[in-house]
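Participant: Got a predicted structure plus its sequence, pasted below:
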Amino acid sequence: MFTPIQIILVCAWMWGFTVIGMSVQLFSYGVAVLHGFVTGLIMGDVATGLTVGGTLCLMGLGVGGYGGSSVPDYAMGTVVGTVFAIATGGGVEAGLATGIPVATLGTQFDILAKMCGSFFIHKQMDCVEKHQFDKMGIWAHGWNIFRATLYTLPILLVMTVGSGIITTLLANMPVWLTKGLNTAAGMLPAVGFAILMKYLPIREYGVFMIFGFAAASYLGLSMVAISMFAFVAAYMVYKGLEKGNTSAAAANGGNYDE
């Protein structure tokens with residue numbers, strides 16, 4: 001089902017991305033879309049990869065590991081969903097059928113990684129107490145490598161040992177379950193938007209939301225055009241707040257502490 005080169009490249013991408021994500025953190029937003037693009041490129045179907053990644057990215061809106069909580073790993077789900085959507089020819093439905101359970105399984109892997117992380121943290125604390133800072137760095141990098149390997153292992157197993165099982169599962173999956181997954185994929189983005197709206201200052205800036213809705217529904221503007229208007233509005237609000245803070249500071253004689 002998968003060529004050795006594809007397995008190596010997909011696993012290498014997941015491993016390297018996890019290492020970067022725990023260090024320099026170059027990519028923080030739209031991670032599932034990026035995984036879908038790269039995985040689709042490796043598998044030879046970028047369009048399917050972007051569709052699967054975009055769908056799972058929408059499902060993850062408003063869902064974050066706040067306060068150290070563990071949430072579904074939609075990046076892992078996107079990688080697995082994309083490879084099976086393309087390899088089996090089942091399309092986006094097959095990708096969601098495999099990606100969603102794997103993303104949910106990622107919650108348990110996140111818990112396991114954090115439990116193992118306490119071992120590495122205590123080793124680093126011991127090194128600090130002994131002023132062995134070089135060894136502390138080694139344990140810090142060791143934790144990063146361990147976590148990346150742990151997150152890559154499910155993808156490696158699914159693409160090798162578990163490939164036949166997944167293919168059989170997709171072939172025998174009932175229609176009602178497939179429709180249910182598609183329905184959930186359509187509903188969860190709305191839930192994510194509702195969660196995001198809880199954090200947004202709707203009372204102060206709700207008028208911009210109304211404008212965006214009207215621009216999309218009645219004026220037929222694209223998301224790019226609406227985003228440009230949103231950027232201009234955000235910039236104007238920011239400059240207004242900055243000017244207000246400067247005026248308040250000047251009124252206080254330049255004493256910002258007051």
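Facilitator: In hand now; what should we look at? None of the values given here were measured: they were computed from a predicted structure.

Participant: For the rest of this, base every contact and every neighbour count on C-alpha atoms.
Facilitator: Fine.

Participant: Now do residue 240 against residue 98, distance only.
Facilitator: Distance from residue 240 to residue 98, counting by C-alpha to C-alpha, to the nearest Å: 48 Å.

Participant: Please identify which of those two sits among more neighbours.
Facilitator: Higher neighbour count among residue 240 and residue 98: residue 98, with 24 against 12, using other C-alpha atoms under 10 Å.

Participant: May I see the buried residues of stretch 133-149?
Facilitator: By neighbour count with 16 or more other C-alpha atoms under 10 Å, stretch 133-149 contains the buried residues 135-136, 139-141, 143-149.

Participant: Give the rounded mean pLDDT of that stretch.
Facilitator: Across stretch 133-149, pLDDT averages out at 87.

Participant: Over to stretch 10-23?
Facilitator: For stretch 10-23, mean pLDDT is 85.

Participant: For that stretch, output the C-alpha coordinates as CSV.
Facilitator: This file holds the C-alpha atoms of stretch 10-23, laid out as CSV (Å, rounded to 0.1, in the frame of the first residue of the first chain):
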residue,chain,number,x,y,z
VAL,A,10,6.2,10.8,6.2
CYS,A,11,7.7,9.6,9.5
ALA,A,12,10.7,11.8,9.0
TRP,A,13,8.4,14.8,8.5
MET,A,14,6.4,14.1,11.6
TRP,A,15,9.5,13.5,13.7
GLY,A,16,11.3,16.6,12.5
PHE,A,17,8.2,18.8,12.9
THR,A,18,7.7,17.6,16.5
VAL,A,19,11.3,18.4,17.3
ILE,A,20,10.9,21.9,15.9
GLY,A,21,7.5,22.4,17.5
MET,A,22,9.1,21.8,20.9
SER,A,23,12.0,24.1,20.4
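
Participant: what comes into contact with that stretch?
Facilitator: Residues from elsewhere that reach stretch 10-23 (C-alpha atoms under 8 Å, 6 or more residues apart in numbering): 26-28, 39, 42, 79, 144-145, 147-149, 151-152, 155-156.

Participant: Sort out which of these are in helices and list them.
Facilitator: 39, 42, 79, 144-145, 147-149, 151-152, 155-156 (DSSP state H).

Participant: For those residues, work out which two are farthest apart.
Facilitator: Pairwise distances across the ones in helices among the contacts of stretch 10-23 (C-alpha to C-alpha) peak at 24.8 Å, for the pair 42 and 144.

Participant: ok, of the buried residues of stretch 133-149, which one's closest to residue 50?
Facilitator: residue 148 (23.1 Å).

Participant: Go through the contacts of stretch 10-23 and say which is closest to residue 217.
Facilitator: Out of the contacts of stretch 10-23, the member with the shortest distance to residue 217 (by C-alpha to C-alpha) is residue 28, at 29.9 Å.

Participant: element containing residue 115?
Facilitator: Using DSSP states H and E, residue 115 maps to helix 91-129.
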